[in-house]
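# Have a look at this fold, sequence not included:
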């Protein structure tokens, strides 16, 4: 414990911040996210997860993998960047572990939420994560798509004619 922390405690001051020796953990890297996805894959194989679960997890993981290189443009500190990292390292593993801890037959046949079984609840969660990751990937790609459209408009304005779909032949003069 640092001197300031000790002194605050001795005086009875409220703790106004982290202790002197507190170290802020580094934010997750792309490698951390990929390692988390690999761990999820290993867990699914070890636990012999049903194909309906595996297929949905693969969809989410594939979208995360496609989005990772684009996060540099969005910024790892952005809301979208946080959502991608949290999905891979927290939301997805937690949803799966909640389901996989249950006995399989019970989880797949007994209603736990209205008429939904644990399997159906998990599928709903995976579908929500997949839709969210799709939206983030679309947002990440939209910036480049907009730049392409803007460049096309610039070329059209600069050269004064519209492209007819790719005829690049030069006319002999």
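Great, that's in hand. All figures in this text were calculated on a predicted structure; none of them were measured in a lab.
# Now do the helices in the chain.
3-11, 30-46, 51-67, 71-74, 79-86, 92-100, 104-109, 118-159 (DSSP state H).
# Using JSON lines, lay out those helices together with mean neighbour count and distance to residue 22.
C-beta coordinates here come from the backbone N, C-alpha and C atoms, glycine included. Putting the helices of the chain into JSON lines (neighbours: other C-beta atoms under 10 Å; distance: least, C-beta to C-beta, whole Å) gives the following:
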{"stretch": "helix 3-11", "mean neighbour count": "12", "distance to residue 22": "9"}
{"stretch": "helix 30-46", "mean neighbour count": "15", "distance to residue 22": "21"}
{"stretch": "helix 51-67", "mean neighbour count": "18", "distance to residue 22": "30"}
{"stretch": "helix 71-74", "mean neighbour count": "16", "distance to residue 22": "27"}
{"stretch": "helix 79-86", "mean neighbour count": "18", "distance to residue 22": "22"}
{"stretch": "helix 92-100", "mean neighbour count": "18", "distance to residue 22": "26"}
{"stretch": "helix 104-109", "mean neighbour count": "14", "distance to residue 22": "40"}
{"stretch": "helix 118-159", "mean neighbour count": "14", "distance to residue 22": "32"}
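# I'd like to know how far the most centrally placed residue in the chain sits from residue 32.
In the chain, the centroid-proximal residue (C-alpha atoms, centre = their mean) is residue 84; its distance is 1.9 Å. Using C-beta to C-beta, to the nearest Å, we find residue 84 at a distance of 12 Å from residue 32.
# worst-scoring helix or strand of the protein, pLDDT-wise?
Ranked by mean pLDDT, DSSP states H and E, the weakest helix or strand in the chain is helix 3-11, scoring a mean of 67.
# quick revisit: who are the contact partners of the residue nearest to the centre of the chain?
Applying C-beta atoms under 8 Å, 6 or more residues apart in numbering to residue 84 gives the contacts 33, 64, 67-68, 71, 133, 136.
# still on that earlier bit, and of the helices of the chain, who's closest to residue 23?
Closest approach to residue 23 among the helices of the chain (C-beta to C-beta): helix 3-11, 13.9 Å.
# thinking residue 63 is in contact with residue 131, fair?
No: judged on C-beta atoms under 8 Å, residue 63 makes no contact with residue 131 at a distance of 9.7 Å.
# Need the residues touching each of the two.
Between them, residue 63 and residue 131 share no contacting residue, judged by C-beta under 8 Å, 6+ apart.
# where does this structure dip in pLDDT?
The model of the chain has pLDDT under 70 over residues 1-8, 10, 12-20, 74-76, 161-173.
# at 80 what do you get?
Regions of the chain meeting the criterion pLDDT under 80 cover residues 1-27, 71-77, 143-144, 160-173.
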